[in-house]
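[1] What shape does this take:
(chains A and B)
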Amino acid sequence: MTVASPNDFQDSLQPQGWLRYFSFSLDHKVIGIQYLVTGFIFYFIGGALAGVIRAELASPISDFVSRETYNEVLTLHGTVMIFLWIVPVVNGGFGNYLIPFYVGARDMAFPRLNAVAFWMIPPAGILLIGSYFITGAAQSGWTAYPPLSITTPALGQVVWIVSVLLLGGSSIFGGINFIATVLKLRRPGLKLMQLPMYCWAMLGTSILVVLSTPVLAGTLLLLSFDIVAHTGFFNPALGGNVVVYQHLFWFYSHPAVYIMVLPAFGLVSEILPIHARKPLFGYTTMVYSIMAIVVLGLVVWAHHMFTSGTPPWMRLFFTIATSFIAVPTGIKFFNWLATLWGGKLALNSAMLFSCAFIVNFVFGGITGVALAQVPFDIHVHDTYFVVGHFHYIVYGGTVFVIFASIYHWYPKFTGRMLNEDLGRLHFLLTFVGFNLCFAPQHWLGLNGMPRRVAEYDPSFTTLNQISSVGALLMAISSLPFLYNVLVSAFRGQVAGDNPWNALTPEWLTSSPPPVENWVGAAPLVEHPYGYGVDEDTLSLEAATGRDLWSGTGRR
Amino acid sequence: MTSLATSTSAVEAVTDEAHGGHADLRLFGLATFLVADGMTFAGFFAAYLTFRAVNPLPAGSTYELELLLPSINTMLLLVSSYTFHRSGRNLLLGRMGPCRNWLLLTAGLGAAFLAGQMVEYFTLPFGLTDNLFASTFYALTGFHGLHVTLGVICILLVWFQTRNGGRVTSAAPFGLEAAELYWHFVDGIWVVLYGILYLL
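    Residues are numbered from 1 along each chain as shown, chains lettered A, B, ... in the order given. The predicted structure follows:
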């Protein structure tokens, strides 16, 4: 049987124009933009919180904010950046916008569930941020380890739990939708191994979301009982076991790293071939690498717990399993390099951010392999080395890809180009600021500066001040970006439908696309990366009815 | 442009047969959700088994539980899975009367299970915060009991929807099929729970 298209309701009940973005819209493109804009609002909130942290750490004593406030700020910074910025943007934002195009569908499999998933995010964010002003925010970091989370003020911690449960639920609903869409909603004739790489990345990510997020939800329920009802699951004073919390927490939160970074892998795999005018190198190995990362990602969580009294066999297993992840990740890394190799590179803003992603990510990956080794990990555990490492992965990796993707898909979203000069300025400031901010933290950590503490030994002052200057540069870098994004929507150069001469399906329609994604039938794209082959060039003309390869089409 | 028709196409337009519509994926979506829900239970089970392996109970406490009532409860749930199955078969055959009766019987068995659970809660020698095992016991059975409660509500809702002129018919059986899938899932979880909580 078939179910009615959501578009049947579009005419009479759904608001039109800009009001759509404030409505319970079922259009995947509207929902994607809703995720993106909401995510960026939280990015700037989380960035302001990071600014407070770096201002405080510019001097060794806690003079800028009190220690309690510092704890609240670092908890909010971590939670906002992970749950309200990166996860919603790389999954919900780009996923909702692009995946239906890539599978040749007119919407996601469950449009209503999709809208529900998005609208769980604003209340969760308001709860989390609001808790700071009303009751005092949680102070136990984004990990909420007991017994710390049981002994710090209860109200803020409970609000934090409610907020994370809402966001987890949103994430699970999104994951179900992506799995159904990629596996079941493909256009007739389109095979799995013909899908653009981002579909595979989102399929892998969604499997991780569906398998691991519920475990976090259950764990946080138990933690809330410990706080509210004074049970003793994770309270050693009542016979409980704190290490069990850590196991359950990291069973979600290590895959969460891949939930944040796999979609970025997918997005960058779309951007590189288009701007290098070459097919994506090693498509099949890319697919198997993603699936290998999904499987391995589920069995490496205890490498976060090498100092939690884990027995030797466990350390051995998790060290080896973690080191194995370097293999599929390395395959992807070399595939990207090979995609670039000999290509006709257009070094625009999207490409600059993508190439910087490769550099940053390999650096974060190398420190990650180092951290997987028990003797080294014990030395730097809970120091700034770890902070530097994961910011290279999450900021240098994922956030750089988010910026690359904004420059790449902005013409698709709005029909107008972003300004390239401002884009390059944004890139330069971000790249320098990012490395200035986070590279010194590796030295700080190796020398023993602990993370999550408002005060530090005065001998660490210089490196911390360099790091704070880098953070300031990163803050400044968002100004040209914001100006660019806001002004270009109205005054930017008109992009045309396919400014990059891309072959992936979302470009084979108008920019911005019509409500039903394509006027007429969806194109069957069997070779989404078929650049540099004559026949493909010709048939692209056939599909779009326009000559995309000469004259004004090529930048 | 004339050579286009013969070229090996990368992009080829074909007619969109099911314009704007697609196969019903709601059961697939529910099944995926139940995998997620099952992982929540798996997390609880793992926590409980680890607690049991490494955290000794305080002196005077015991893992022993009264077995009669929960065993009867287990039987009730297993039978209810069968009665729900009969209801579904009757729906597909278009026999609405038996279908609705089997549904009511299923809901009754679910309610009886919940009543039995209540009796057990009131007669147990320990409370929620007495020791780690007590807390885990109530968390696991309570979380499962919430699922059963939701299931009974769903069954009654489906029972209402199978009335003459309701939205669940043999041609549109989704509501009943979804409730049935969920109910079998909840029963399956109970069997594991019964095994590790009462028998172990």
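[2] Count the neighbours of residue 42 for me.
    This is for chain A. When neighbours are defined as other C-beta atoms under 10 Å in any protein chain shown, residue A:42 has 24 of them. Heads up, the C-betas are built off the backbone N, CA and C, glycines and all.
[3] please go with chain B instead
    17.
[4] same deal with residue A:66?
    When neighbours are counted by other C-beta under 10 Å, residue A:66 registers 12.
[5] Point out where the chain drops to low pLDDT.
    I went with chain A, as the question did not name one. Along chain A, segments meeting pLDDT under 70 span A:1-14, A:533-555.
[6] Switch to chain B, please.
    For chain B (pLDDT under 70), the answer is B:1-21.
[7] can you give me the strands for it?
    Taking DSSP state E as the criterion, chain B contains strands spanning B:11-13, B:22-23.
[8] quick one: the last one near chain A?
    Yes: applying C-beta under 8 Å from any C-beta of the partner chain, one finds strand B:22-23 touching chain A at B:22, B:23.
[9] Parallel or antiparallel, which strands does that strand pair with?
    Using DSSP bridges, strand B:22-23 pairs in its sheet with strand A:2-3 (antiparallel).
[10] Now do the strands in the stretch 401-550 of chain A.
    Listed in chain order, the strands of the stretch 401-550 of chain A (DSSP state E, counting those that start in this stretch) span A:523-525.
[11] Closest to the centroid, which residue in chain B?
    Chain B has residue B:186 as the residue nearest its centroid, 2.9 Å off, counting by C-alpha atoms, centre = their mean.
[12] In contact with the closest residue to residue A:217 other than its chain neighbours, which residues?
    Of all residues not flanking residue A:217 in the chain, residue A:168 sits nearest, at 5.0 Å (C-beta to C-beta, 6 or more residues apart in numbering or on different chains). With contact set as C-beta atoms under 8 Å, 6 or more residues apart in numbering or on different chains, residue A:168 has these partners: A:213, A:214, A:216, A:217, A:220.
[13] Swap in 6 Å and give it another go.
    Contact analysis of residue A:168 by C-beta atoms under 6 Å, 6 or more residues apart in numbering or on different chains lists A:213, A:216, A:217.
[14] tell me which element it falls in.
    Under the criterion of DSSP states H and E, residue A:168 resides in helix A:154-184.
[15] quick one: whichever helix or strand comes after that helix to chain centroid distance?
    Downstream of helix A:154-184, the first helix or strand assigned by DSSP H and E is helix A:197-228. Here helix A:197-228 is found 15 Å from its chain centre; the criterion is C-alpha atoms, centre = their mean, to the nearest Å.
[16] can you tell if the helix or strand just after helix A:197-228 touches chain B?
    Downstream of helix A:197-228, the first helix or strand assigned by DSSP H and E is helix A:242-276. Yes: on the criterion C-beta under 6 Å from any C-beta of the partner chain, helix A:242-276 is in touch with chain B at A:244, A:248.
[17] after helix A:242-276, next one along is what?
    Using DSSP H and E, the helix or strand that directly follows helix A:242-276 along the chain is helix A:283-297.
[18] who does that following helix touch, helix- and strand-wise?
    Where contact means 3 or more C-beta pairs under 6 Å, 6 or more residues apart in numbering or on different chains; DSSP states H and E, helix A:283-297 is packed against helix A:197-228, helix A:242-276, helix A:312-340.
[19] Let's have the ones you listed in JSON lines, adding distance to residue A:477.
    As requested, the helices and strands packed on helix A:283-297 are exported to JSON lines (distance: least, C-beta to C-beta, whole Å):
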{"stretch": "helix A:197-228", "distance to residue A:477": "26"}
{"stretch": "helix A:242-276", "distance to residue A:477": "19"}
{"stretch": "helix A:312-340", "distance to residue A:477": "24"}
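[20] right, so of the ones you listed, which gets closest to residue A:468?
    Each of these was scored for nearness to residue A:468 using C-beta to C-beta, and the closest is helix A:242-276 (24.9 Å).
[21] Please compute how far the closest one lies from its chain's middle.
    Averaging C-alpha positions (C-alpha atoms, centre = their mean) puts helix A:242-276 7 Å from its chain's average.
[22] Summarise which helices and strands that helix is packed against.
    Using 3+ C-beta pairs under 6 Å, 6+ apart as the test, helix A:242-276 ends up in contact with helix A:197-228, helix A:283-297, helix A:312-340, helix A:349-372, helix A:400-414, helix B:26-54.
[23] give me that answer again for 8 Å
    The elements that helix A:242-276 packs onto, with contact taken as 3 or more C-beta pairs under 8 Å, 6 or more residues apart in numbering or on different chains; DSSP states H and E, are helix A:94-103, helix A:197-228, helix A:283-297, helix A:312-340, helix A:349-372, helix A:384-393, helix A:400-414, helix B:26-54.
[24] To residue A:124, which of those helices lies closest?
    Evaluated with C-beta to C-beta, the helices and strands packed on helix A:242-276 place helix A:197-228 nearest to residue A:124, the distance being 12.9 Å.
[25] Contacts only, for residue B:92.
    Counting by C-beta under 8 Å, 6+ apart, residue B:92 has contacts B:170, B:173.
[26] again, only using 10 Å
    Contacts here follow C-beta atoms under 10 Å, 6 or more residues apart in numbering or on different chains; on that basis residue B:92 touches B:99, B:170, B:171, B:173, B:176, B:177.
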